[in-house]
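J.: sequence and predicted structure below; questions after.
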Amino acid sequence: MNGFPLDADERLIARLRQVTAAQVQQVAAKYFGDDQLTGGQIDEAFYEELETALLMADTGVKATQALLDEVRRRVKESGATRPVQAKNILADSLTRLLKPLERPLVIGEHQPTVIMVAGVNGAGKTTSIGKLTKHLADAGETVLLAAADTFRAAAREQLAIWADRNTVEIVSQAGGDPAAVSFDAVSAGRARGKDVVLVDTAGRLPTQLHLMEELRKIKRVVQKADASAPHEVLLVIDGNTGQNALAQVKAFDEALGLTGLIVTKLDGTAKGGVLAAIAQEKPIPVYFIGVGEKLEDLETFSAREFALALLG
Ligand SMILES: Nc1nc2c(ncn2[C@@H]2O[C@H](COP(=O)(O)OP(=O)(O)OP(=O)(O)O)[C@@H](O)[C@H]2O)c(=O)[nH]1
């Protein structure tokens, strides 16, 4: 958790989050599994279990409620009687809810396209920048990296390794001012005719007000180097952080005006339902999802695929 006070809904979810992914699957299998297709029925107990499964997958109280209301309405309208039909209806409803998040990152309207990347400590910013660099380089874009995490030597080194692997240039400065590094990088990107400048910033919590102010300063100074920049302000969130990810989206959006998200660590045990909560309460496009630690483990977000994967 990242130091946010929890309200009652979040406490409920925090408790439910202790439930393992295996248990979520058990509930899903019980109601949706093939052996239940003939026996199960859509009754109040079914809706209750469905609600629990959605909450356990980090969908959040509001999005869960909205989804269940829609499923109930559409089950009634369609005259569906079997759980498998309700599951299909839920998959459709979830896809529709997530659809506004499905938007591509557009490069080429500016030269360079300046992309600022922020997030809490360890969310996967530097790794995602490495993956994004590869993705862009594969599409023929020239990329310049700005190591604006000037605090952590390891972060600069990590970014330099990614730069090396992608054979792209990097602007870096030990112990310097992150805003100054960003300014230099954007100026260099313009001078060298790069297609994209990616600015990696140090991890910070929204509760660290001076560090949030520092982010605003980086944005202002980038604007001095290029009045139209930054063209994208991305937040990297860890798909495992549940409802706290929604709080992060709200706080960083307020500070910076976010244009997109990268949701990491959706491989392994991540439940990812928080995207439904984000779609419900703060619909900011999910440009990419991270599905592993390797360079190629970055995918564009598909609402339909995501909904189907979440429902198992
Ligand atoms: N499994 C998995 N691991 C990931 C993914 N993305 C990042 N990681 C791992 O998460 C850890 C943190 O990633 P970093 O890229 O260093 O995170 P950061 O946000 O730059 O960290 P700070 O600079 O300390 O704030 C590393 O061990 C990464 O390998 C992902 O999509 N899947």
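T.: Perfect, I can see it now. A quick note: this is a predicted structure, and the numbers were derived from the prediction, not measured.
J.: going forward, measure contacts between C-alpha atoms and count neighbours the same way
T.: Noted.
J.: any weak-confidence spans in this structure?
T.: Filtered on pLDDT under 70, the chain yields the residue ranges 1-39, 268-270.
J.: that one against the ligand: which residues are in contact?
T.: Residues of the chain lying close to the ligand (Cα under 6 Å from any ligand atom) are 120-127, 155, 202-203, 264-267, 290-293.
J.: apply 5 Å and report the result again.
T.: 121-127, 203, 264-265, 290-293 (Cα under 5 Å from any ligand atom).
J.: mind checking which of those land in strands?
T.: 264, 290 (DSSP state E).
J.: tabulate the residues of the chain next to the ligand (JSON lines), appending neighbour count.
T.: What follows is the residues of the chain next to the ligand, written out as JSON lines (neighbours: other Cα atoms under 10 Å):
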{"residue": "121", "neighbour count": "15"}
{"residue": "122", "neighbour count": "14"}
{"residue": "123", "neighbour count": "23"}
{"residue": "124", "neighbour count": "22"}
{"residue": "125", "neighbour count": "28"}
{"residue": "126", "neighbour count": "25"}
{"residue": "127", "neighbour count": "22"}
{"residue": "203", "neighbour count": "22"}
{"residue": "264", "neighbour count": "26"}
{"residue": "265", "neighbour count": "23"}
{"residue": "290", "neighbour count": "28"}
{"residue": "291", "neighbour count": "18"}
{"residue": "292", "neighbour count": "16"}
{"residue": "293", "neighbour count": "15"}
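J.: how long is stretch 188-205 end to end?
T.: 30 Å (Cα to Cα, to the nearest Å).
J.: tell me the first helix or strand C-terminal of the helix or strand residue 95 falls within.
T.: Secondary structure from DSSP states H and E places residue 95 in helix 83-98. Following helix 83-98 in sequence order, the next helix or strand is strand 113-118 (DSSP H and E).
J.: which residues of the stretch 101-250 of the chain fall in helices?
T.: 125-138, 153-166, 178-191, 209-225, 243-256 (DSSP state H, counting those that start in this stretch).
J.: which strands or helices does the fourth one pack on?
T.: What that stands for is helix 209-225. helix 178-191, helix 243-256 (3 or more Cα pairs under 8 Å, 6 or more residues apart in numbering; DSSP states H and E).
J.: just these: most buried one?
T.: Comparing these by mean neighbour count (mean count of other Cα atoms under 10 Å), helix 178-191 comes out on top with a mean of 22.
J.: give me the packing partners of that one, helices and strands only.
T.: strand 143-148, strand 169-171, strand 196-201, helix 209-225.
J.: reformat these as a markdown table; add mean neighbour count.
T.: Formatted as a markdown table, those follow (neighbours: other Cα under 10 Å):
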| stretch | mean neighbour count |
| --- | --- |
| strand 143-148 | 28 |
| strand 169-171 | 20 |
| strand 196-201 | 28 |
| helix 209-225 | 18 |
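J.: would you confirm that residue 289 contacts residue 299?
T.: Yes - contact criterion Cα atoms under 8 Å: residue 289 and residue 299 qualify, at 5.3 Å.
J.: report the central residue of this protein.
T.: residue 263 (2.6 Å; Cα atoms, centre = their mean).
J.: tell me if I'm right that that one and residue 290 touch.
T.: Yes - Residue 263 is within contact range of residue 290, at 6.0 Å (criterion: Cα under 8 Å).
J.: ok, residue 288 - contacts?
T.: 261, 262, 263, 298, 299, 300, 301 (Cα atoms under 8 Å, 6 or more residues apart in numbering).
J.: switch to 10 Å and redo it
T.: By Cα atoms under 10 Å, 6 or more residues apart in numbering, the contact set of residue 288 is 102-105, 128, 132, 236, 260-264, 298-302.
J.: surely the residue nearest to the centre of the chain is in contact with residue 289?
T.: Yes - applying Cα atoms under 10 Å as the test, residue 263 and residue 289 come out as touching, 4.7 Å apart.
J.: name the residues contacting each of the two.
T.: Joint contacts of residue 263 and residue 289 (Cα under 10 Å, 6+ apart) are 128, 236, 237, 238, 239, 298, 301.
J.: skipping its backbone neighbours, what lies nearest residue 155 in space?
T.: Using Cα to Cα, 6 or more residues apart in numbering and skipping the chain neighbours, the partner closest in space to residue 155 is residue 149 (6.6 Å).
J.: same deal with residue 278?
T.: residue 246 (5.9 Å).
J.: distance check, that neighbour against residue 282.
T.: 8 Å.
J.: shared neighbours of these two, which are they?
T.: Joint contacts of residue 246 and residue 282 (Cα under 10 Å, 6+ apart) are 275, 276.
J.: can you flag the buried ones in the contacts of residue 288?
T.: By the neighbour-count criterion of 16 or more other Cα atoms under 10 Å, the contacts of residue 288 include these buried positions: 102-103, 128, 132, 236, 260-264, 298, 301-302.
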